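In: Need coordinates for the following:
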Amino acid sequence: MAPRSPRHRATRRARDGAPRRRVPLRLLLPVLVLVALAAMLMLRGYVHSEILADHRVGKPAPTTNVPEEILEGGPVIDARAGQVQSLSVPDRRLVLTFDDGPDPTWTPKVLDVLKKHDAHAVFFVTGTMASRYPDLVQRMVDEGHEIGLHTFNHPDLSLQSKKRIDWELSQNQLAITGAAGIRTSLFRPPYSSFSAAMDNETWPVTQYIGSRGYLTVVNNTDSEDWKRPGVDEIIRRATPHRGKGAIVLMHDSGGDRSQTVAALDRFLPDLKDRGYEFDNLTEALDAPSAHSPVTGADLWKGKAWIFLVQASEHITGVLVVGLAVIGTLVIGRFVLMLLLSGVHARRVRRRNFRWGPPVTEPVTVLVPAYNEAKCIENTVNSLMASEHPIEVLVIDDGSTDGTARIVEAMGLPNVRVIRQLNAGKPAALNRGLANARYDIVVMMDGDTVFEPSTVRELVQPFGDPRVGAVAGNAKVGNKDSLIGAWQHIEYVMGFNLDRRMYDILGCMPTIPGAVGAFRRSALEPIGGMSDDTLAEDTDVTMALHRAGWRVVYAENARAWTEAPESVQQLWSQRYRWSYGTMQAIWKHRRAVIDKGPSGRFGRIGLPFVSLFMIVAPLLAPLIDVFLLYGLVFGPTEKTIAAWLGVLAIQAVCAAYAFHLDRERMTHLISLPLQQILYRQLMYVVLLQSWITALTGGRLRWQKLRRTGVVGAPVAGAVPGPRAPHSDDRRPVA
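Out: Residues are numbered from 1 along each chain as shown. Down below sits the predicted model:
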């Protein structure tokens with residue numbers, strides 16, 4: 001027998017139930033949320049006539065093809081059975097008709113006046129308004145009024161195809177069915193007038209409408225209330241001559257209808273005293289009701305439509321509130337960052353500023369390392385150039401790439417290697433703490449390099465006995481790629497301006513793992529580094545605050561770290577950070593009700609961290625959502641101007657941050673692109689973290705793939721990127 005092909009074997013494995021790769025729920029849910037949000041916004045744009053609406057109005061045309069009996073006949077045209085018939089309302093019978101509603105402000109007032117005077121009317125509703133205000137349609141039916149179609153989006157049907165006409169009618173009926181459970185056989189074309197105004201363009205439409213089973217209703221008495229000519233003038237124009245019957249055109253939507261309401265309140269009793277009756281159209285014509293009940297699947301389709309429209313309205317309302325919240329948060333955060341970072345910079349840069357007595361005693365530098373063979377040599381060499389006396393402990397956490405052997409082969413003084421089975425970064429740091437000789441402990445990542453002055457600058461704040469931990473200035477070393485440049489902007493602006501602000505506020509949320517220092521005497525009472533969360537640096541920082549220690553920022557303690565160089569690696573890192581931060585906030589939530597230092601941090605620090613690090617980033621894409629919505633549906637110029645205004649505020653903050661950090665402004669060239677692309681990636685990561693947290697998912701530690709491109713400092717120069725190792729560097733995307 002011939003051997004089976006690999007393709008056949010793969011097919012058989014799939015058929016036999018072998019495990020297949022599936023999209024994880026935590027990835028699928030954000031995609032579904034985004035798709036649902038986009039669909040709701042599109043639906044909202046459609047219902048508000050911001051999409052697919054046609055506002056053209058046809059010009060007058062000849063009347064040569066319109067039958068004479070139509071031009072000279074009544075305002076009701078029946079072309080339903082292939083025969084054309086013109087109908088008029090009997091004398092002393094008035095049919096009040098209201099177009100373009102229902103309106104949430106004016107329609108209830110019109111209905112109140114009609115009910116007050118025991119009068120009926122016909123409301124020609126648009127599908128857009130009926131979908132948004134279904135309760136008013138139901139009230140019309142309940143109070144004995146008739147409903148008529150006025151299309152869905154109010155286009156001039158003489159300019160539309162038969163397919164578009166059918167769509168306008170069916171969507172209008174769907175909205176009425178969902179609102180009141182009925183269908184109607186009455187129709188009034190938008191922009192219609194008297195039957196004498198029928199022309200060669202509108203007459204074929206009337207014939208086609210009749211073939212679809214509808215009675216076309218125009219008018220023969222126009223109140224022209226839309227011009228707002230005054231109550232007296234509306235009454236005069238709406239009053240028929242010599243006791244004739246009439247179909248009176250009015251409006252309950254489309255603007256201020258206060259004159260219409262006031263005119264009705266006088267018009268109805270005056271004409272009733274003169275012997276007029278105010279009936280529905282079918283009552284006036286002694287015809288069967290225009291309404292027919294809808295049941296079964298068609299009824300549920302209508303109800304589903306109303307439900308979706310209402311959902312889109314509510315979601316849009318929530319988004320608008322969210323936009324207001326994020327606008328307040330963004331502007332508030334920027335103002336606080338600018339003011340407080342300036343205060344911090346002026347304070348620590350004063351010539352006579354001192355944290356306390358100079359710190360000169362040796363310190364221990366802990367370097368947890370797991371498979372850092374490509375970076376560890378650069379890291380250790382940078383420490384050997386330190387201007388401050390140190391001992392270096394490299395804790396090899398079960399590396400399989402020879403990391404420990406590389407350090408041992410270097411044969412450097414004051415450098416020890418501690419090996420352990422793979423247990424995670426917190427365990428490695430705690431192992432280092434247990435073996436450290438000195439009370440002040442500096443922690444750094446295995447892919448980070450220090451400048452010669454970094455350790456010295458980092459430990460000086462410990463001259464203040466109230467300081468329990470110090471955050472250094474982490475910077476991106478591999479900023480030569482686009483994604484690296486974006487992270488460089490984020491580190492300088494987002495992280496370091498934030499740390500200056502949090503330092504002044506006394507609620508620094510995180511000591512960066514790349515460059516931070518701690519008193520061992522502060523860590524030991526809180527149990528050292530905890531593995532309860534995936535953000536052990538945030539967790540321990542919050543624990544120190546709650547224990548009453550100050551946590552400060554040392555701007556000159558610069559460390560150069562290797563940022564992720566691919567979208568996948570960046571996603572993994574930020575997903576862990578976001579999820580870990582949420583875990584830390586939840587772990588320390590009881591600080592809100594504590595007393596003493598823990599309570600102060602809980603009532604000041606936790607709200608700030610939650611708002612600025614969790615809520616604000618999650619809502620920030622609303623700015624871009626409304627940008628896109630405005631570009632497609634709204635006033636384009638105003639939308640672009642608003643977005644550019646937000647970008648300008650961010651650019652000012654970024655420029656100020658770069659000035660404080662003495663960075664070149666040329667890197668800010670990519671800021672607009674960062675706001676368009678990079679922020680969306682961060683949003684999806686944060687949304688995925690929220691979903692993971694809410695669904696009770698667990699996230700494992702994710703090791704980033706390092707390339708060793710950040711070199712050690714040479715003669716005090718700023719470290720720069722080294723040549724990449726073979727093909728280890730990944731493209732940006």
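In: R183 is in contact with S289, isn't it?
Out: No: using C-beta atoms under 8 Å, R183 is not in contact with S289, being 11.0 Å away. In short, each C-beta sits where N, CA and C put it, glycine included.
In: between these two, which one's more packed in?
Out: Neighbours per residue (other C-beta atoms under 10 Å) separate R183 from S289, with R183 holding more: 19 against 13.
In: The more buried one sits in which helix or strand?
Out: Per DSSP states H and E: R183 is located in strand 182-184.
In: residues in contact with that strand?
Out: Contact partners of strand 182-184, identified using C-beta atoms under 8 Å, 6 or more residues apart in numbering, comprise 141, 146-149, 173, 176-177, 290-294.
In: let's see 6 Å
Out: Under the criterion C-beta atoms under 6 Å, 6 or more residues apart in numbering, residues 147-148, 173, 290-294 lie in contact with strand 182-184.
In: I'd guess D396 is in a strand, am I close?
Out: Yes: the assignment for D396 (DSSP: H, G, I helix; E, B strand; the rest coil) places it in a strand.
In: bridging residues for it?
Out: A369, R419 (DSSP bridges).
In: Tell me how many other residues surround it.
Out: 27.
In: my guess is it contacts I406, does it?
Out: No: using C-beta atoms under 6 Å, D396 is not in contact with I406; the gap is 9.8 Å.
In: picking that back up, just the buried subset of the contacts of strand 182-184, written out for ChimeraX, thanks.
Out: Applying 16 or more other C-beta atoms under 10 Å to the contacts of strand 182-184 leaves a buried subset, and the ChimeraX line that selects it is:
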select :147,148,173,290,291,294
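In: Which helix or which strand is home to P269?
Out: Here P269 is assigned to helix 258-273, by DSSP H and E.
In: what about the longest strand in this protein?
Out: strand 550-561 (DSSP state E).
In: ok, then the element right after that strand?
Out: Assignment by DSSP H and E places the next element after strand 550-561 at helix 567-587.
In: what's that next one packed up against?
Out: Contacts defined by 3 or more C-beta pairs under 6 Å, 6 or more residues apart in numbering; DSSP states H and E place helix 567-587 against helix 536-546, helix 679-694.
In: For S312, which of those helices is the nearest?
Out: helix 679-694 (20.0 Å; C-beta to C-beta).
In: The residue of the chain positioned farthest from its centre and K272, how far apart?
Out: Seen from the C-alpha centroid of the chain, the residue lying at the greatest distance (C-alpha atoms, centre = their mean) is R242, 62.0 Å away. According to C-beta to C-beta, to the nearest Å, R242 stands 18 Å off from K272.
In: any idea which helix or strand carries T510?
Out: Applying DSSP H and E, one finds T510 in no helix or strand.
In: ok, and the closest non-adjacent residue to the residue sitting nearest the centre point of the chain?
Out: Nearest residue to the geometric centre of the chain (C-alpha atoms, centre = their mean): L622, 3.4 Å. In this structure, L622 finds its nearest non-sequential neighbour in L323, 4.7 Å apart by C-beta to C-beta, 6 or more residues apart in numbering.
In: since we're on the one you found, how many residues are nearby?
Out: Neighbour number of L323 under other C-beta under 10 Å is 15.
In: wait, it sits on I623?
Out: No: the criterion here is C-beta under 6 Å, and L323 misses it with I623 at 7.1 Å.
In: Which of the helices or strands spans the residue farthest from the centre of the chain?
Out: Counting by DSSP H and E, R242 is part of no helix or strand.
In: Surely G73 touches S86?
Out: Yes: look at G73 against S86 with C-beta under 6 Å: they come within range, at 2.7 Å.
In: contacting residues for G58?
Out: Counting by C-beta under 6 Å, 6+ apart, G58 has contacts 156, 158-159, 201.
In: before we move on, what about V540?
Out: M529.
In: How about the one 10 residues further on?
Out: Residues counted as contacts of R550 (C-beta under 6 Å, 6+ apart) are 466-467.
In: Any idea how many residues pack against A641?
Out: Using other C-beta under 10 Å: A641 sits among 10 other residues.
In: which element is it on?
Out: Counting by DSSP H and E, A641 is part of helix 636-660.
In: Equivalent analysis for T533, please.
Out: Residue-wise, T533 maps onto no helix or strand under DSSP H and E.
In: How about I234?
Out: I234 belongs to helix 231-238, assigned by DSSP H and E.
In: how about that helix: buried residues?
Out: 231, 233-235, 237-238.
In: One more: stretch 120-139?
Out: Result for stretch 120-139 [16+ other C-beta under 10 Å]: buried residues 120-134, 136-137, 139.
In: can you state the direction angle for the longest strand of the chain and helix 536-546?
Out: 160 degrees (axes from the mean of the first three to the mean of the last three C-alpha atoms, to 10 degrees).
In: Distance from the chain centre to strand 550-561, please.
Out: Centroid separation for strand 550-561 versus its chain: 33 Å, with C-alpha atoms, centre = their mean, to the nearest Å.
In: strands paired with that strand, and their directions?
Out: When DSSP bridges is applied, strand 550-561 pairs with strand 448-450 (antiparallel), strand 467-476 (parallel).
In: Shouldn't K374 be within a strand?
Out: No: in this structure, K374 is coil, not part of a strand, as judged by three-state DSSP.
In: Tell me how many other residues crowd it.
Out: K374 has 21 nearby residues by other C-beta under 10 Å.
In: just the one 10 residues further on next, same as before
Out: Neighbourhood size, M384 [other C-beta under 10 Å]: 16.
In: Now do the same contact list for it.
Out: L412.
In: which of the helices and strands packed on helix 567-587 is buried the deepest?
Out: helix 536-546 (a mean of 26; mean count of other C-beta atoms under 10 Å).
In: What separation do you get for H344 and R499?
Out: 9 Å.
In: Comparing the two, which shows the higher neighbour count?
Out: Neighbour comparison, H344 and R499: the larger count goes to R499, with 26 against 21 (by other C-beta under 10 Å).
In: So the more buried one: helix, strand or coil?
Out: Going by three-state DSSP: R499 is helix.
In: ok, it - contacts?
Out: Applying C-beta under 6 Å, 6+ apart, the residues near R499 are 471, 553.
In: can you do 10 Å?
Out: 341, 344, 471-474, 508-512, 551-555 (C-beta atoms under 10 Å, 6 or more residues apart in numbering).
In: And the pLDDT at it?
Out: Reported pLDDT at R499 in the predicted model: 89.
In: Then E146?
Out: Reading off the model, E146 has pLDDT 97.
In: Also the one 3 residues further on?
Out: We note a pLDDT of 97 for L149 in this prediction.
In: follow-up on the earlier one: and for D396 and I406, which residues touch both?
Out: Listed as contacting both D396 and I406 by C-beta under 10 Å, 6+ apart are 369, 372, 376, 417.
In: Go ahead and confirm the last one touches R405.
Out: Which is V417. Yes: contact criterion C-beta atoms under 10 Å: V417 and R405 qualify, at 8.8 Å.
In: what is in contact with these two at once?
Out: Joint contacts of V417 and R405 (C-beta under 10 Å, 6+ apart) are D396.
In: would you list every one of the helices in the stretch 251-400 of the chain?
Out: 258-273, 281-284, 296-348, 376-384 (DSSP state H, counting those that start in this stretch).
In: can I get those helices in CSV with mean pLDDT and distance to I489?
Out: Converted to CSV, the helices of the stretch 251-400 of the chain look like this (pLDDT from 0 to 100; distance: least, C-beta to C-beta, whole Å):
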stretch, mean pLDDT, distance to I489
helix 258-273, 96, 54
helix 281-284, 95, 66
helix 296-348, 88, 14
helix 376-384, 93, 24
